[in-house]
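J.: Give me a 3D structure for the following:
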Amino acid sequence: MAIIQRGGRRPQQETSQPAHPLQPQASQPHRAKSVKSRMCLLVVALLVALWLNAAASTSSLAQDLLRWQDSSTSDDDDEDSAGSDGQSNLMEADAHVGQHDRELCIELIRNATQPYLDKGKVPTMMSRQRRRNVRDMMMDLVTRQDPIIPGDWVETGTWKGGASLLAAIVQREALRTPACGNVAKRTIWLADSFEGLPGIAAQENRKIGGYEKAMDPPGSYLIEGGVETVKATFRKHGFATDGTGDVPIRFLPGWFQDTLPDAPIDDIAILRLDGDLYASTLQALFALYRRVRVGGIVIIDDYGHWPQCKKAIDEFFVDANITLHGIDYTGRWFRKEDVHIRVPPTWNTDMISIDPRITEAWKVLAGWHQQTTKQFVGHVGANRYQTYRYAEAMRHVIQRKRRNQSRASRNGIMQESTITSETNTKTADASSMSQAVHVHVCETGFNGGHSAMLFLSFHNPSNNNIDSIHGADSSANQSHNDNIHVHVHYHGWDLGKVGSSRPTAERMTQKFGADYFHVVWGDSKRTLPNVHGNEPDDATAGMMHGKTCDIVIIDGEHKAEGVRNDLRWLLQVSRPGTVVFGDDCAPYHRQVPASKKMLMAWNEVAENGVGSGGADDIHEKRMMMVSVANYRNPQLPSPGFVEAVVVDGETGHYQLGL
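T.: Sure thing, here's the model as predicted:
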């Protein structure tokens with residue numbers, strides 16, 4: 001097996017032993033702790049407990065013993081007929097009260113799933129080694145207790161669904177096995193066109209030269225019956241295919257560039273890449289790798305078979321310091337150990353799609369600059385990938401708020417964002433208000449207004465006003481979230497010393513109104529301490545008035561103390577789930593003078609959190625964020641950017657996706 005070190009930090013290593021998250025036991029002629037011996041130990045423990053008159057413990061242990069006996073004597077052939085009915089729910093409840101014994105749990109799952117490794121048991125072209133890898137990776141995930149890695153199984157390129165079916169079977173066995181203890185519920189996601197390879201397959205043979213193998217033609221691997229055939233296979237094995245049940249199964253039919261960026265997937269624990277193509281592999285990575293939790297697993301099916309896939313992996317992870325473990329001649333896997341994300345070499349090409357509404361909004365902004373003083377220091381538009389990521393974060397915030405509103409509506413609860421009419425929305429009718437979503441963007445460093453205009457391009461307060469930025473004839477009007485009433489509130493802090501800043505802000509105030517656009521001028525060390533805006537007559541007030549930031553951009557003073565100050569105060573008006581970006585904080589070959597120190601300050605806040613700065617600051621509840629991505633590329637005209645998510649201070653929970 002070849003362990004391939006990416007990033008140049010350690011030399012390439014060679015080993016002939018397979019790498020598994022679970023330590024193999026095959027070299028032992030007899031297992032010291034067999035099922036029979038463990039049964040004897042449990043019986044002895046039961047007798048000792050009775051002798052000690054530990055009634056409560058005895059009762060619990062006896063129940064575990066009976067459940068264990070039941071699961072250990074079950075027939076493997078019953079696997080295909082087991083469904084997600086009341087019996088499954090009872091088994092899941094039993095698993096939650098069982099005593100966790102990881103070694104016993106692994107042994108029982110391995111025995112129950114072993115028949116599915118045989119050829120023909122699941123519909124797949126994977127070798128036995130790759131089938132076993134899927135089983136072992138999923139088994140390692142579901143049996144972990146400390147730490148538990150949150151997230152779902154996601155497969156991009158699933159063909160007939162064999163790998164995902166095997167993962168679902170492992171998850172179901174864990175839920176039904178009392179020895180596995182409290183097993184987290186995870187969704188199984190299958191993303192595929194279900195129409196074969198896309199048309200770009202033919203282009204890759206011409207555009208990406210130097211390959212020994214020609215890519216299979218468009219339409220290859222077409223399944224008769226499409227996604228319905230795959231769903232039928234899952235139902236045959238007892239799984240519901242409508243996203244319900246003990247093991248929810250969800251399908252994402254369509255081309256990756258259309259389905260993955262806004263897929264309603266939260267965190268990912270295992271990401272399996274099987275898209276074959278260069279473009280398909282990169283599309284999956286750009287959309288989903290950020291959502292893989294640190295400690296999660298990435299499996300690559302085609303690294304050794306398709307040079308197109310290998311090229312995509314090598315480019316994306318050029319500086320991520322990953323270790324690829326061999327599965328067979330083509331399969332590889334690695335564990336995500338850091339948050340470095342390679343901004344793609346194609347960062348400035350059409351491969352990264354920018355919403356046309358944003359480009360139209362920037363044309364308006366350019367016209368304003370021509371009429372005033374065209375002077376600003378760089379802007380987000382110079383980094384196409386950063387533009388893409390800002391817009392993606394905005395779409396996801398809107399989708400998440402809409403989803404939360406729908407859930408609240410089903411529960412008969414009226415959310416504040418639905419029933420509260422912010423200024424200038426009182427005239428909206430009841431139908432409009434029921435669909436309203438309010439998003440608050442907080443940025444230090446307004447500069448020339450490019451970031452502000454990007455976020456305000458989503459501003460769509462009513463169906464009769466979607467031309468508020470571009471004019472009634474704009475072709476961009478049919479873009480994102482047209483059926484949702486989106487109210488974007490931009491809150492900015494800036495020194496106001498760059499030539500275009502104040503004139504541009506005046507034009508934006510005229511265009512959007514003071515209730516949707518407001519900039520506080522002055523040094524943020526002086527103005528941000530009053531970010532709550534509790535004194536409306538104070539010129540330095542942030543006008544938040546109890547509102548919280550949904551997206552935060554740190555792009556003010558490019559020094560360590562500036563980053564610390566801005567994070568300290570803006571995190572005070574954030575909420576769990578707020579997305580935080582730090583511009584110019586990801587030094588690579590190019591950097592601003594203090595970018596390394598800026599990154600150190602960012603990491604300090606991520607590690608220690610922030611308080612309000614009062615006299616009892618050390619004793620108060622602190623706002624915490626977790627750094628989730630470090631975007632960089634040596635070809636960027638800036639040092640790149642970093643991203644974090646605000647953590648729930650009580651539970652420590654955060655989510656990376658939808």
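
J.: mind listing what the closest residue in space to residue 161 that isn't next to it in sequence touches?
T.: Spatial nearest neighbour of residue 161, excluding adjacent residues (CB to CB, 6 or more residues apart in numbering): residue 230 at 4.3 Å. All C-beta atoms are positioned from the backbone trio N, CA, C, and that covers glycine. With contact set as CB atoms under 8 Å, 6 or more residues apart in numbering, residue 230 has these partners: 158, 160-161, 190, 192, 194, 223, 251.

J.: just the residues you listed: which has the poorest pLDDT?
T.: Least confident entry in these, by pLDDT: residue 223, with 64.

J.: did I read that right, the residue nearest to residue 161 in a helix?
T.: Yes: Residue 230 sits within a helix when classified using DSSP: H, G, I helix; E, B strand; the rest coil.

J.: pLDDT score for it?
T.: Looking at residue 230, the pLDDT reads 92.

J.: cool, and residue 265?
T.: So, for residue 265, pLDDT stands at 93.

J.: Pretty sure it sits in a helix.
T.: No: secondary structure of residue 265 (three-state DSSP): coil, not part of a helix.

J.: wait, isn't it in contact with residue 154?
T.: Yes: the pair residue 265 / residue 154 is scored as a contact, 6.2 Å apart, by CB atoms under 8 Å.

J.: quick one: pLDDT of the residue lying closest to residue 571 once chain neighbours are set aside?
T.: Of all residues not flanking residue 571 in the chain, residue 623 sits nearest, at 4.1 Å (CB to CB, 6+ apart). Looking at residue 623, its pLDDT is 84.

J.: do residue 132 as well
T.: The model's pLDDT for residue 132 equals 93.

J.: Could you pull up the residues touching it?
T.: residue 117.

J.: Let me know the helix or strand that it is in.
T.: helix 128-143 (DSSP states H and E).

J.: hey, C-alpha coordinates of that helix in CSV?
T.: Presented in CSV, the C-alpha positions along helix 128-143 are these (Å, rounded to 0.1, in the frame of the first residue of the first chain):
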residue,chain,number,x,y,z
ARG,A,128,-14.2,-6.9,-2.5
GLN,A,129,-11.5,-4.7,-1.0
ARG,A,130,-13.5,-1.6,-1.7
ARG,A,131,-16.7,-3.2,-0.4
ARG,A,132,-14.8,-4.1,2.8
ASN,A,133,-13.5,-0.6,3.0
VAL,A,134,-17.0,0.9,2.9
ARG,A,135,-18.1,-1.5,5.6
ASP,A,136,-15.1,-0.9,7.8
MET,A,137,-15.2,2.9,7.5
MET,A,138,-18.9,3.0,8.3
MET,A,139,-18.4,0.5,11.1
ASP,A,140,-15.6,2.7,12.6
LEU,A,141,-17.8,5.7,12.4
VAL,A,142,-21.0,4.3,14.0
THR,A,143,-19.1,2.6,16.9
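
J.: The next helix or strand after it to helix 128-143, inter-axis angle?
T.: Per DSSP H and E, the first helix or strand lying C-terminal to helix 128-143 is strand 152-156. If you take axes from the mean of the first three to the mean of the last three CA atoms, to 10 degrees, strand 152-156 sits at 150 degrees to helix 128-143.

J.: strands paired with strand 152-156, and their directions?
T.: The partner list of strand 152-156 in its sheet, established with DSSP bridges, is strand 188-192 (parallel), strand 268-273 (parallel).

J.: Averaged pLDDT, stretch 330-347. What do you get?
T.: Here the average pLDDT along stretch 330-347 is 82.

J.: try stretch 504-512
T.: Regarding stretch 504-512, the rounded mean pLDDT is 93.

J.: and if you look at stretch 288-308?
T.: 92.

J.: And the residue nearest to residue 571, how close does it get to residue 530?
T.: 17 Å (CB to CB, to the nearest Å).

J.: Looking at these two, which one has more neighbours?
T.: residue 623 (23 against 18; other CB atoms under 10 Å).

J.: In contact with the more buried one, which residues?
T.: Counting by CB under 8 Å, 6+ apart, residue 623 touches 571-572, 574, 609-611, 646, 649.

J.: Please list only the buried members of these.
T.: 571-572, 574, 609-611, 646 (16 or more other CB atoms under 10 Å).

J.: mind giving me CSV with these and columns for distance to residue 487?
T.: Compiled in CSV, those are given as follows (distance: CB to CB, whole Å):
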residue, distance to residue 487
571, 23
572, 23
574, 19
609, 30
610, 28
611, 31
646, 21
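
J.: Which of those residues sits closest to residue 372?
T.: residue 574 (32.5 Å; CB to CB).
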